[in-house]
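Trainee: What shape does this take:
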Amino acid sequence: MITNLHLHTPLNRWPLWLLPGRLLIFISALAGPVYASADQGSAHQSPQLITRHTVLLMGRPVGEQVTSCLPDGSYRYHFEYSDRGRGPNLDATVAIEPNSGVPTDWKISGLTYMKAAFTESFGVANGRARWQTQGEQGERVTEEGTARFYVSTSDLPAATGLLATALARSESKSMALFPDGNARIEKLSEVEVSPKDQPGPPLKVELYAIVGLDFFPTYIWLDPNREMFAQVEAWTGWIRSGYEESADRLVTEQQRVAAAWSKALAKKYCRKPEHLAIRHAALFDADNGTVKPDMTLIVSGNKIESVSPDAEAKVAPDIEVVDGKGQTLLPGLWDMHTHFAPNRGLLHIICGVTSTRDMGNDIDTLGAMRNRIDAGDEIGPRILMAGFIDGRGPYTGPTKVFADNEEEASAAVDRYASLGYVQIKLYSSLKPALVPFIAKIAHAKGLRLSGHVPAGMTAAEFVQDGADEIQHLNFLFLNFLFDTAKETQTMQRFTAVGEHAPDIDLESPMVSDFVALLKDHKTVIDPTLVVLEELYTSRPGVVEPTFAAIAEHLPIQVRRGFSLGNGLSVSNPNSDNPSVVLQRKILAERQRRTLPIFKDLDERYRAAFSSCLRLVKKLYDADITIVGGTDTLPGYSLHRELELYTEAGIPAAKVLQLATIGAARVMRREAELGSLEPGKLADIVMVEGDPAQNISAIRNVRLVIKDGTIFDIRSLQSELGIEP
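Mentor: Alright, predicted model coming up:
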C-alpha cells in the first residue's frame, strides 16, 4: 500500500522506506530561501520573493511548497500535497543566521502525512539551543564560533534544503547537528536543464550527497548559487516549478552516481569462495519445522553440496571452514511485500533476507536495480516482480500504469508478462468490473493476481472474481464493514477498521464463512502487521514497538524518527491548539472521514490491533497460507513481522516455515530455494541462538550467504552507521 510518502529526511522513513516505505522514498527540501553569504553584501533579497517547487508523484503534480521572504527578514513556508486522501499541510517560519546559513528559530505547525496535528519549535537564545516536538524535547549549550544545525522532525521539505545550502557554502563542507551527530556534503555531478517554454540559456545544476542523515547518502540538487533546485527519485520528487520536464534527466544521472557507489561497496564487501563448510551448527529443517543439532553444511559454488551430521561429514583439508557452534543455520528469509529503492537491498541482506517480492515500482528503475543486483554490482536480495495496476481518479496510487477498460488492462498485463513479472497487483481505484477480466488474462499467462481490494467490492467478491492473494489485513476486516466503509481508496480503509474492528466477533458465522471461502479458494494472505502496528499503536514520545529492539543500534538521526508517533493522530477534538484547529478545518472542508484518533478512541485503536493479531491466528488455525511481508523499513521490519506472528499465537517454528519454504512455494521457487538441501541454491543465514524456540533470535545475524556469495555483515553495518 506504500503507506507513506514522507517528504523530509530519514526521520520520516516509512513507506519511505516507502519509504511510502513504506520503500524508502525521500523528497527532502523543496525550497531553500535565498539569503546572502558573508561576501554578498545584503542579508536578504526582496520581501516580495516567492519561490515555488512542484511535488511530483509518478510524474503527476500533486502539490507544492511556496517560500516567501517576510519584511523582518525571516522566511515563511507553506507546504502541502495530496496522496490518496493523505498528505501533509504545514506552515513554518524560519529565521536564519546570514553568515553560516544556520536557522536560529523554527516554528512549524499543521498536519502530518497521516493528518496528525503537528507542532515543532527550535530556538537559540542566551547561549542555549532548545527544541520541542510531540516526540521529544531538549536543550544544549551552543559553542561560540561553531555552527550547529538543528535537524527537524517534521515533514517540512525545506529543512534539508537549508542544511544542504549551509553545508555547500561552508569551507569545511561539514557541520555538527542538533541534537547530535554530524553531516557532510560532497559534490558528485552536474547537469544542464532548461525551463519549459521559456527562452534563455540553460541552468547548470549540481548533484550533491549529504552523509550523516540516513543509512545512505541523501542526494539533492543545488543551483549555481548552491540553493535548492530539486530532489527526485523515480517514483516521486520535487523540482523547481517550470522545470518539471527535466526531472527524468536528473533521476537518470542520480541513478548513475548511486550505482557507482553501490558497485564500490559490492566489490569491497562481497566474495564468492569455491567451497565453504559450516560445521557444528544446528540446522533448521524447513520442510519438517524441526532443528537438527551438530550439522555440517558444505557449499560448492552457488549451490549446497551436502548436509550431514558433523560426525559423518567429509571436509577436505584445504576448504574454508566456519565454526557454527551455538548458531543455527536457516534458509534465506523472504520478504513478500517490498517496494525497492536504490541501495535499500543492503538492509535486507544484513538482516538475512535473501529473496523479496516487489509489490509495485517504476518499471525501468526496478529492472535496472534487479539487473545490478543479479550482476553483483549492487548488494541486495533477489527480486521477484509484481506489476502495479490502478484506475484513474483522485486517489490513484503511485503508478504510471492505468487500466480503465479491458483494452488498457490487457496491454498492461501483456507488458508485465513480457518483462518477466510473476504477479499482478491491483490497487484501490481500479473498477471492480475489471477484476475477473484481469484475473483471467493474468492466469492465462501464468501470473498470480493479488492486491488491495478495489473500492466498491468486498474481499469475498475479490476472491470469487479470481484474486489469488490479498495484501494488508485491514482489507479482510473491511469485508465485514462494507455498509460502513465504501471509500476504501481513502484513509477510511484504516480509520474504519480502527473504529469498528473491536466490535467484530471473530467467532461469528459471517467471519467463519469468509475464512472458509479463503480456504476453498486457496487464497494467500499478506498481513503486513508491522504497518498496522505502527498505525494503531505508535504514539509520540515513545519508541515504536516495531523498532524498539533495534533503535539504540541505529544512527541518531534515524533513531529519532522512531519516537515521533508516525501512526494515526491522537488528539483532543476540543483543543484550541492552532494545528488541531487546522486539522478540523481541513477535514470539514473535505467532508470525508479522514478521521484522526482522538483520545477517547486511543484504547479502541489499540484494541483494533489486538483484533488483527487474533484474526491472523484464526487464519493460521484454518490452514490459510500466510506470507511475511512488510511494506516498510527493509530487513528489520521483517524481524518484527515474524515476531508479531508468534505474538498472535503461531509457533516460532511454523513462522520460520512461512518465511522460508512457505514463501518459496507460493512463488513456485521451492525447487531451488526455501530449504537447506543438496542441489538447492546456497541462500543461508546463520544466527546466534535457536529461532525455532525464540523467534527473536533471527535478529542475531552472524553470516549471510546468497547464491554462494558471502557478505561482510559487520563491515556493511559499519558503513551504514549501525552498531552490532
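Trainee: for stretch 486-502, the distance to its chain's centre please.
Mentor: 22 Å (C-alpha atoms, centre = their mean, to the nearest Å).
Trainee: Grab the CA positions of that stretch and hand them over as PDB.
Mentor: Listed next in PDB are the C-alpha coordinates belonging to stretch 486-502 (Å, rounded to 0.1, in the frame of the first residue of the first chain):
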ATOM      1  CA  LYS A 486     -17.200   2.200   1.000                       C
ATOM      2  CA  GLU A 487     -14.500   4.800   0.200                       C
ATOM      3  CA  THR A 488     -11.700   2.400   0.900                       C
ATOM      4  CA  GLN A 489      -9.300   4.100  -1.600                       C
ATOM      5  CA  THR A 490      -9.100   6.800   1.000                       C
ATOM      6  CA  MET A 491      -7.900   6.800   4.600                       C
ATOM      7  CA  GLN A 492     -11.200   5.200   5.500                       C
ATOM      8  CA  ARG A 493      -9.500   1.800   4.900                       C
ATOM      9  CA  PHE A 494      -7.500   2.500   8.100                       C
ATOM     10  CA  THR A 495      -9.900   4.600  10.200                       C
ATOM     11  CA  ALA A 496     -13.000   2.400   9.700                       C
ATOM     12  CA  VAL A 497     -11.000  -0.700  10.800                       C
ATOM     13  CA  GLY A 498      -9.600   1.200  13.800                       C
ATOM     14  CA  GLU A 499     -13.000   2.200  14.900                       C
ATOM     15  CA  HIS A 500     -15.000  -0.900  14.300                       C
ATOM     16  CA  ALA A 501     -12.700  -3.900  14.300                       C
ATOM     17  CA  PRO A 502     -13.000  -4.400  18.100                       C
END
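Trainee: list the helices and strands the helix or strand hosting residue 414 packs on?
Mentor: Secondary structure from DSSP states H and E places residue 414 in helix 406-418. Counting contacts by 3 or more C-beta pairs under 8 Å, 6 or more residues apart in numbering; DSSP states H and E, helix 406-418 is packed against strand 382-389, helix 435-444. (Glycine included, C-beta is placed from N, CA and C.)
Trainee: Point out the most buried one among these.
Mentor: Highest mean neighbour count among the helices and strands packed on helix 406-418 (mean count of other C-beta atoms under 10 Å): strand 382-389, with a mean of 24.
Trainee: phi, psi of residue 501?
Mentor: phi -60, psi -40 (degrees, to the nearest 10).
Trainee: will you turn the helices and strands packed on helix 406-418 into JSON lines that also has distance to residue 260?
Mentor: As requested, the helices and strands packed on helix 406-418 are exported to JSON lines (distance: least, C-beta to C-beta, whole Å):
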{"stretch": "strand 382-389", "distance to residue 260": "20"}
{"stretch": "helix 435-444", "distance to residue 260": "37"}
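Trainee: since we're on residue 74, how many residues are nearby?
Mentor: Neighbourhood size, residue 74 [other C-beta atoms under 10 Å]: 19.
Trainee: Which positions in stretch 606-617 come out as buried?
Mentor: In terms of neighbour count (16 or more other C-beta atoms under 10 Å), stretch 606-617 has its buried residues at 607, 608, 609, 610, 611, 612, 613, 614, 615, 616, 617.
Trainee: now the helix holding residue 414 against strand 382-389, angle please.
Mentor: On the basis of axes from the mean of the first three to the mean of the last three C-alpha atoms, to 10 degrees, helix 406-418 is oriented at 170 degrees to strand 382-389.
Trainee: For residue 527, give me its contacts.
Mentor: Residues in contact with residue 527 (C-beta atoms under 8 Å, 6 or more residues apart in numbering) are 472, 473, 612, 616, 626, 629, 641.
Trainee: show me what contacts the closest residue to residue 256 other than its chain neighbours?
Mentor: Nearest residue to residue 256, sequence neighbours excluded (C-beta to C-beta, 6 or more residues apart in numbering): residue 189, at 7.8 Å. Residue 189 makes contacts with 206, 207, 253, 256, 257, as judged by C-beta under 8 Å, 6+ apart.
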